[in-house]
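Participant: Provided below are the primary sequence and the corresponding predicted coordinates.
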Amino acid sequence: MAPSPTDEERCKSGVHGLDEILQGGIPRGGCVLLAGGPGSGKTILSSQFLFKGALEQGEPGLLVTFDESPESIRKNMLRFGWDLAGLEEENKLRILDLSNLIYLTPEEFQKTAYGVNVPEFTIIGAMNIIRENVKELGAERVVVDGVTSLSVFEADEAKKRRNLAQLFRGMRELDCTSLVTSEVSLAQSDREHQLEEYLADGVLLLRSYLKKDYIIKSIMIEKMRGISHDTQPRPYTIADEGFIIYPSENVF
Ligand SMILES: Nc1ncnc2c1ncn2[C@@H]1O[C@H](COP(=O)(O)OP(=O)(O)OP(=O)(O)O)[C@@H](O)[C@H]1O
Ligand SMILES: [Mg+2]
């Protein structure tokens, strides 16, 4: 049997059951895509990863939000007892709000603090802002929540692909363990794979199944480069303690 991975090799996720199905934790330095439908728990799982990482592992975390406002995230996570604002005050966590920038016209963008000498919002520009914040905070964990929003206004398919590729390359160069969330509709089993699934080092898929007369939520590791891991979908719930995966239960 292979020896258990060390703490230098793996990052403890802080999510009940996730390290078990990963057989030791998230590979350090990797950029993992967390893909699922609306309300599947992407923001909860990724906030848990940062909150527990900062509190229990002493690893500062940066949460970059492209969708939900920081106020809303702080309020929602407090319901699980996760005081993000408290960690922010201690400089163990930072929420970087890039959510409004995407929706601004170039003229409006130039009026923001980020718009000085920069004509419009770009992925490279966003990566520079992220990099500066990682450095300032000494972040070891990074979450980019809502990467789908980045492509919303981009009609040119080639440009969309280039943007995503730039984002994943930039994330990998941060030298942090990172999660990137994206909206993927997983209703159909013969769905087309999204480009971000190929670009990421690992992919966690959240999907729901109708079982008899109730919905069962499942998480599956679609891929995780460089490690062996569980390959079956496993049930999960969202409860008072947050995101909980049941590693030894079956979905089917
Ligand atoms: N305290 C709680 N107890 C149980 N379930 C909860 C609780 N809080 C939230 N949820 C569930 O989690 C869902 C929201 O999770 P989250 O915001 O992480 O989803 P998401 O995948 O990020 O969604 P979106 O795509 O809209 O950003 C809610 O729709 C609800 O089903
Ligand atoms: Mg969300």
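Facilitator: Yep, it's here. Please read all numbers here as calculations on a predicted model, not as lab measurements. Ligands and ions are numbered 1, 2, ... in the order given.
Participant: what residues does the longest helix along the chain touch?
Facilitator: In the chain, assigned by DSSP state H, the helix with the most residues is helix 157-173. Applying Cβ atoms under 8 Å, 6 or more residues apart in numbering, the external contacts of helix 157-173 come out as 29, 31, 123-124, 126-127, 130-131, 142, 144, 147, 150-151, 154, 178, 180, 195-196, 199-201. For every residue, glycine as well, the C-beta is placed using N, CA and C.
Participant: now swap in stretch 101-120 and tell me
Facilitator: In contact with stretch 101-120 (Cβ under 8 Å, 6+ apart) are residues 66, 121, 125-126, 129, 149-150, 152-153.
Participant: End to end on that stretch, go ahead and measure it.
Facilitator: 9 Å (Cα to Cα, to the nearest Å).
Participant: Mind listing what's buried along it?
Facilitator: Buried residues in stretch 101-120, counting neighbours by 16 or more other Cβ atoms under 10 Å, are found at 101-102, 104, 109, 114-115.
Participant: among these, which two are most distant?
Facilitator: 102 and 115 (13.3 Å; Cβ to Cβ).
Participant: hmm, back to that, could you tell me which of the buried residues of stretch 101-120 belong to strands?
Facilitator: Judged by DSSP state E, strands contain none of those.
Participant: now those residues as TSV including pLDDT?
Facilitator: TSV is the format used below for the buried residues of stretch 101-120 (pLDDT from 0 to 100):
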residue	pLDDT
101	83
102	80
104	86
109	88
114	84
115	82
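Participant: which one among those residues gets closest to residue 91?
Facilitator: Distances from residue 91 to the buried residues of stretch 101-120, taken by Cβ to Cβ, are shortest for residue 114, at 21.5 Å.
Participant: From the contacts of helix 157-173, keep the buried residues only.
Facilitator: Buried among these (16+ other Cβ under 10 Å): 31, 123, 126-127, 130, 142, 144, 147, 150-151, 178, 180, 195-196, 199-201.
Participant: mind listing which of the residues you listed are in strands?
Facilitator: Filtering these for strands - DSSP E - leaves 31, 142, 144, 178, 180.
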